[in-house]
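*Asks:* Next input, structure requested:
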Amino acid sequence: QVQLVESGGGLVQAGGSLRLTCAASGRIFSSSFMGWFRQAPGAERDFVAGIRWGVGNTYYADSVKGRFTVSRDTAKNTMYLYMSSLKPEDTAVYYCGVDQLVAGSRYNYWGQGTQVTVSS
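*Replies:* Sure thing, here's the model as predicted:
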């Protein structure tokens, strides 16, 4: 069982920056994939950025490449999302999620989300 808790959201002006934190309790395996997703009102939840827990390979949606950076601290079981040059269209609830394959079964866990609002 894994529990995820996001923090760091808030209100920021366009062009500003924020750092989101996702703290995980429970074991995160090196093969796991942890990611940030966001959901704006009336829209689907979209992938933003992710990281392969063990090797640290990172992946980004085209809309955030060059502006967002995902990282993790394996010792702290924590993933981060540094967001810069924020735009009003980045406004959404940001969720962290983890995908794990354990003993042949796939498990997905989600946090409760943190609101990011970018004003123009």
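*Asks:* residues contacting R72?
*Replies:* Counting by Cβ atoms under 8 Å, 6 or more residues apart in numbering, R72 touches 34, 51, 53, 56, 78-80. (C-beta placed from N, C-alpha, C; glycine too.)
*Asks:* Buried ones only from those, please, as a ChimeraX command.
*Replies:* Here is the ChimeraX command that selects the buried residues among the contacts of R72 (16 or more other Cβ atoms under 10 Å):
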select :34,51,53,78,79,80
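*Asks:* And the helix or strand of the chain with the lowest mean pLDDT, what's buried?
*Replies:* When the helices and strands of the chain are scored by mean pLDDT, DSSP states H and E, strand 105-110 comes last with a mean of 91. Going by neighbour count (16+ other Cβ under 10 Å), the buried part of strand 105-110 is Y109.
*Asks:* strands paired with it, and their directions?
*Replies:* Strand pairing for strand 105-110, determined by DSSP bridges: strand 92-102 (antiparallel).
*Asks:* can you pull the buried residues of the partner strand?
*Replies:* 92-98, 100.
*Asks:* ok, residues contacting it?
*Replies:* By Cβ under 8 Å, 6+ apart, the residues outside strand 92-102 that reach it are 2, 4, 6, 9, 20, 22, 24, 28-29, 31-40, 43, 45, 48, 79, 81, 106-116.
*Asks:* In this protein, where is pLDDT below threshold?
*Replies:* Judged by pLDDT under 70, the chain has no weakly predicted residues.
*Asks:* wait, what's in contact with V5?
*Replies:* Contact analysis of V5 by Cβ under 8 Å, 6+ apart lists 22-25, 111-112.
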